[in-house]
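1. no sequence for this one, just the structure:
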């Protein structure tokens with residue numbers, strides 16, 4: 001259990017804390033939720049950087065790091081639907097892509113192959129995280145310009161989500177072409 005993997009597990013540990021903070025009713029809940037989300041997002045950047053720099057890349061990290069990102073982003077987006085901060089259709093597209101890629105990874109794993117996160121997947125995750133941060137800050141300060149901008153960024157994230165999902169499927173189409 002190396003440091004990058006511990007950071008990934010820490011990110012997963014922060015998810016229920018984030019959800020609880022978001023769902024409770026207290027002043028400044030959106031900024032506190034945003035701070036926890038930012039901390040969790042920073043661990044995403046740190047674990048990957050440390051793993052690559054010190055050659056600490058593991059199969060556990062290749063599988064759990066993207067899963068932790070999915071859990072983090074999807075958890076807060078689902079919470080944000082409940083208070084009308086994001087459109088459900090955007091979250092449905094994001095959830096659909098994440099489930100599809102997770103199933104693809106499971107199929108690959110059954111064949112002994114690990115599909116690591118690619119460039120478009122990383123860009124998708126960053127765009128989702130930035131849009132969430134902007135929306136949370138906008139909601140905390142009731143700033144309609146930030147809320148609008150955050151939702152525009154989320155639309156860009158949805159487009160990147162669709163593209164990266166297509167790219168994963170295209171690059172790994174041989175997994176679907178096999179006959180058993």
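-> Thanks, I have it. In this text the structure is predicted, and so the values were computed from the model without any measurement. Numbers count the residues shown, from 1 in each chain.

2. Contact partners for residue 105?
-> Applying CB atoms under 8 Å, 6 or more residues apart in numbering to residue 105 gives the contacts 63, 66, 114-115. Quick note: C-beta positions are derived from backbone N, CA and C, even for glycine.

3. let's see 10 Å
-> Applying CB atoms under 10 Å, 6 or more residues apart in numbering to residue 105 gives the contacts 62-63, 66-67, 113-117, 168, 172, 175.

4. so how many other residues sit close to residue 141?
-> Residue 141 has 12 neighbouring residues, counting by other CB atoms under 10 Å.

5. sorry, that was for residue 129
-> Quick note: residue 129 (other CB under 10 Å) scores 23 neighbours.

6. Let me know whether it touches residue 43 as I believe.
-> No: between residue 129 and residue 43 there is no contact under CB atoms under 10 Å: 11.5 Å.

7. Residue 22 and residue 35 touch, don't they?
-> No: look at residue 22 against residue 35 with CB under 10 Å: they stay out of range, at 11.6 Å.

8. Can you pull the residues that touch both of these two?
-> Residues touching both residue 22 and residue 35 (CB under 10 Å, 6+ apart): residue 136.

9. about what we covered before: I'd like the contacts of residue 105 written out as TSV, with secondary structure, distance to residue 151 and neighbour count added.
-> Listed next are the contacts of residue 105 as TSV, based on DSSP: H, G, I helix; E, B strand; the rest coil; distance: CB to CB, whole Å; neighbours: other CB atoms under 10 Å:
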residue	secondary structure	distance to residue 151	neighbour count
62	helix	32	17
63	helix	31	18
66	helix	25	23
67	helix	26	16
113	coil	37	12
114	coil	35	13
115	coil	31	20
116	coil	30	13
117	coil	25	18
168	helix	25	21
172	coil	31	17
175	helix	35	16
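
10. Out of these, which is nearest to residue 11?
-> For the contacts of residue 105, the residue nearest residue 11 by CB to CB is residue 67; the value is 10.0 Å.

11. Run through the residues that contact the closest residue to the closest one other than its chain neighbours.
-> Setting aside the residues directly before and after it, residue 67 is nearest to residue 102 in space (CB to CB, 6 or more residues apart in numbering), at 7.1 Å. By CB under 10 Å, 6+ apart, the residues touching residue 102 are 63, 66-67, 70.

12. what's the span of stretch 82-95 from first residue to last?
-> Stretch 82-95 stretches 16 Å from its first residue to its last (CA to CA, to the nearest Å).

13. Please work out which residues outside that stretch touch it.
-> The contact list for stretch 82-95 (CB under 10 Å, 6+ apart) reads 22-23, 30, 70, 73-74, 76-81, 124, 128, 131-132, 135-136, 138-139, 147, 150-151, 154-155, 157-159, 161-162, 165.
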